[in-house]
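Chemist: Just need the structure, nothing else, for what follows:
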Amino acid sequence: MDPRADADVQPSARADGGFTIIEVVVAITVLVVAMLGAALLFENAIVVSGNTRNRVVAANLATQQMESVRGLGADPTKFTTIPQGQTVFNGPGQKVNGVQYTVTQNVQFVGQSSSTSTCDAPGSTTGQIMQVNELVTWPGMAGTKTVKEVTTLAPPVGAYSASSGSIAVKLYDSTSNVAQNINVQVVGPTTVTQQTTTEGCAYFAFLPVGTYTVSVIEGTGVGDQEVAVPAQTAAVSVGQTTALQFQYDSPATITATLPSPSNTAGAPPHATGMSISVVNTGLQPYGQFSFNAAAGDVTTSPSLFPYASGYTVFAGNCTDNNPLGKDTNRNLFYPTAAPIPISVSPNGNATTTVPLYPVAIHVQNATGVVVTGTTPSAAETTSFGVPYTALCTNGTATGVAPTLGLATLNATGDSLTALPLGHWTLTAKCIHGAPACPGATSAFDRTKSLNVWVRPDAVYGVNASGASTTPFVGPITMVVS
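Modeler: Prediction:
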């Protein structure tokens with residue numbers, strides 16, 4: 001029998017077995033991918049539908065708030081009650097279908113042919129119109145653009161006095177970006193407060209003529225002169241806008257550590273009564289801000305403006321304590337010094353160790369008997385002749401030259417103390433009746449003073465002008481008489 005005939009009548013193995021496992025897996029995979037794509041399309045449709053609904057609600061809220069302003073603007077007796085600057089509404093009236101909307105209203109004055117805030121183009125107040133800008137946002141906008149509505153309102157006749165002027169205040173932060181939603185106040189013949197707009201502008205329109213104090217009263221930041229409530233004076237004249245600018249930002253701090261035996265191996269104790277200073281060229285008039293050091297080794301500064309260029313930090317409060325300091329002729333005290341600025345940031349804290357310089361003195365009388373148990377002092381000397389005259393500061397203003405306490409003289413008449421750079425008058429005292437100062441008839445203590453210049457490389461004697469002469473080798477010997 002022909003075996004091929006049997007083969008022709010055998011049923012197909014594929015017909016009996018159906019789909020293979022691989023074919024089933026492929027089919028399921030294709031089905032899952034298709035379902036995922038459909039689900040994604042459905043989800044996107046829901047998001048688009050939700051955003052569309054939210055935009056419709058937001059547009060209605062913007063229109064509602066705008067109509068409220070237009071109603072006030074049509075009445076000469078109410079036009080001046082329109083809140084100028086930035087006002088934020090996000091209360092119960094802005095909650096719709098469980099979604100909390102935020103309406104941000106910016107009101108500022110512009111010229112009739114300009115859309116630029118009068119803070120950027122001050123001048124005559126004639127022909128100015130009020131620009132009202134309503135912005136509406138909500139959580140989960142998913143890239144949806146902010147809903148915005150803008151209109152302008154001309155002041156109705158009788159709304160303002162013709163014998164008035166204005167003040168335009170522009171605020172910037174430490175990166176030179178505009179600072180919005182910051183409270184600014186003018187105090188003078190009248191008192192007005194408003195918040196800066198999204199353009200950083202607080203425009204006080206049609207004020208009575210007079211002199212005003214203009215202050216940033218937000219209370220959460222610091223001005224560029226290290227003042228919590230920075231202020232300027234502005235004179236308002238008829239028909240004119242007086243323009244002012246402020247820099248204001250969230251504060252930074254610097255924690256400065258003074259080397260001492262408790263934190264640095266081999267370091268001598270540091271003098272008592274020191275100040276700490278931070279330096280930035282933006283600080284006026286001397287480029288530095290000084291504050292008292294804490295009693296211990298670590299001091300955290302008051303609130304500082306977070307200058308993008310940072311600060312250099314030094315011990316002392318006089319210009320010759322500063323490694324980059326200049327005398328009254330603008331000559332550098334230490335031409336080769338190059339401290340590295342410390343970076344600061346808004347609401348941040350930077351840390352640094354402040355260098356000090358050892359000063360060793362030995363005190364005795366004319367016969368070589370050592371003086372013990374008394375505390376020498378170092379007084380900053382600013383009265384040397386030019387070009388070495390220094391200036392001292394308190395905050396950013398002129399301050400008093402300090403007197404520091406040195407380490408107490410030990411049993412061998414020696415004192416080793418870490419001091420800031422600078423010109424110092426060292427004074428040692430021998431107490432009346434002490435072994436080094438005998439004589440029952442003496443009615444006064446004996447003292448010795450010596451002028452020195454503490455520089456980065458050594459301690460030098462100085463001449464009558466304050467210029468350094470020769471460095472001291474070993475302790476500075478002071479003979480009381």
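Chemist: what about Val33, which SS state?
Modeler: Put simply, Val33 is helix when judged by DSSP: H, G, I helix; E, B strand; the rest coil.
Chemist: Count the residues that sit near it.
Modeler: A count of neighbours around Val33, defined by other Cβ atoms under 10 Å, yields 10. Placement of C-beta: from N, CA and C, glycine included.
Chemist: Could you check how far it is from Ala27?
Modeler: Relative to Ala27, Val33 is positioned 11 Å away (Cβ to Cβ, to the nearest Å).
Chemist: Let me see the confidence value for Ser113.
Modeler: As summarised for this prediction, Ser113 has a pLDDT of 60.
Chemist: now swap in Gly18 and tell me
Modeler: In the predicted model, Gly18 carries a pLDDT score of 60.
Chemist: how about the helices in the stretch 1-150 of the chain?
Modeler: Ranges of helices in the stretch 1-150 of the chain, per DSSP state H, counting those that start in this stretch, are 3-9, 13-17, 21-73.
Chemist: ditto for the stretch 251-400 of the chain
Modeler: For the stretch 251-400 of the chain, no helices turn up when DSSP H, counting those that start in this stretch is the criterion.
Chemist: Tyr160 contacts Phe206, doesn't it?
Modeler: Yes: with contact defined as Cβ atoms under 8 Å, Tyr160 counts as touching Phe206 (3.9 Å).
Chemist: any shared contact partners between these two?
Modeler: When contacts are counted by Cβ atoms under 8 Å, 6 or more residues apart in numbering, Tyr160 and Phe206 are jointly contacted by Thr80.
Chemist: wait, Ala74 sits on Pro155?
Modeler: No: taking contact to mean Cβ under 8 Å, the distance of 11.0 Å between Ala74 and Pro155 leaves them out of contact.
Chemist: which one of those two has more residues nearby?
Modeler: With neighbours defined as other Cβ under 10 Å, Ala74 and Pro155 compare such that Pro155 has more, 18 against 11.
Chemist: Count the residues that sit near the spatially closest residue to the more buried one that is not a sequence neighbour.
Modeler: Residue nearest to Pro155 in three dimensions, not counting chain neighbours: Phe79, with 5.9 Å by Cβ to Cβ, 6 or more residues apart in numbering. Residues contacting Phe79 under the criterion other Cβ under 10 Å number 19.
Chemist: can you pull the contacts of Phe79?
Modeler: Leu72, Gly73, Leu153, Pro155, Pro156, Ala159.
Chemist: Recalculate using a threshold of 7 Å.
Modeler: Leu72, Gly73, Pro155, Pro156, Ala159 (Cβ atoms under 7 Å, 6 or more residues apart in numbering).
Chemist: residues near the second one, how many?
Modeler: Applying other Cβ under 10 Å, we find 20 other residues in the vicinity of Gly73.
Chemist: With the fourth one instead?
Modeler: By the other Cβ under 10 Å criterion, the neighbourhood of Pro156 contains 14 residues.
Chemist: Just want to check the distance between it and Val99.
Modeler: Distance from Pro156 to Val99, by Cβ to Cβ: 37 Å.
Chemist: Just list whatever residues bridge to Thr102.
Modeler: With beta bridges defined as DSSP bridges, Thr102 has these partners: Thr137.
Chemist: If you tally nearby residues, what's the number for it?
Modeler: The burial count for Thr102: 17, using other Cβ under 10 Å.
Chemist: Correct me if wrong: it contacts Gly91.
Modeler: No: judged on Cβ atoms under 7 Å, Thr102 makes no contact with Gly91 at a distance of 9.8 Å.
Chemist: Any figure for the gap between Gly85 and Gly200?
Modeler: The span separating Gly85 from Gly200 equals 11 Å under the rule Cβ to Cβ.
Chemist: Same question for Thr213.
Modeler: For Thr213, the distance to Gly200 (Cβ to Cβ) stands at 20 Å.
Chemist: Those two - which one has more neighbours?
Modeler: The neighbour count for Thr213 versus Gly200, taken as other Cβ under 10 Å, is higher for Gly200 (24 against 13).
Chemist: nearest residue to that one other than its sequence neighbours?
Modeler: For Gly200, the nearest residue in space outside its immediate sequence neighbours is Val178; the separation is 2.8 Å by Cβ to Cβ, 6+ apart.
Chemist: dump the residue contacts of the one you found.
Modeler: Contacts for Val178 were tallied using Cβ under 7 Å, 6+ apart; they are Leu171, Tyr172, Glu199, Gly200.
Chemist: among those residues, which two are most distant?
Modeler: Farthest-apart pair in the contacts of Val178 is Tyr172 and Glu199; separation 11.1 Å (Cβ to Cβ).
Chemist: Strands of the stretch 51-200 of the chain, start to end?
Modeler: In the stretch 51-200 of the chain, the strands defined using DSSP state E, counting those that start in this stretch lie at 85-89, 95-96, 99-100, 102-111, 128-137, 147-153, 164-172, 183-187, 191-195.
Chemist: Return the most buried member of those strands.
Modeler: Looking across these with neighbours counted as mean count of other Cβ atoms under 10 Å, the highest average goes to strand 164-172: a mean of 24.
Chemist: how about that strand as CSV, C-alpha atoms only?
Modeler: Included here for strand 164-172 are C-alpha records, laid out as CSV according to Å, rounded to 0.1, in the frame of the first residue of the first chain:
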residue,chain,number,x,y,z
SER,A,164,-1.8,116.4,43.9
GLY,A,165,1.1,114.2,42.8
SER,A,166,2.2,110.6,43.0
ILE,A,167,4.9,108.3,44.3
ALA,A,168,6.0,105.2,42.3
VAL,A,169,7.9,102.5,44.1
LYS,A,170,9.7,99.7,42.4
LEU,A,171,10.9,96.7,44.3
TYR,A,172,13.7,94.2,43.3
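Chemist: Can you tell me what sits against that strand?
Modeler: Residues from elsewhere that reach strand 164-172 (Cβ under 7 Å, 6+ apart): 118-119, 122, 125, 178-179, 182, 184, 186, 196, 200-209, 212, 214, 216, 234, 236-248.
Chemist: Now do that strand, average pLDDT.
Modeler: Across strand 164-172, pLDDT averages out at 92.
Chemist: and it, how far out from the chain's middle?
Modeler: The chain centroid and the centroid of strand 164-172 are separated by 23 Å, computed with Cα atoms, centre = their mean, to the nearest Å.
Chemist: give me the low-pLDDT residue ranges for the stretch 51-200 of the chain?
Modeler: Applying pLDDT under 70 to the stretch 51-200 of the chain flags the ranges 112-118, 121-127, 159.
Chemist: All good on my end, thank you.
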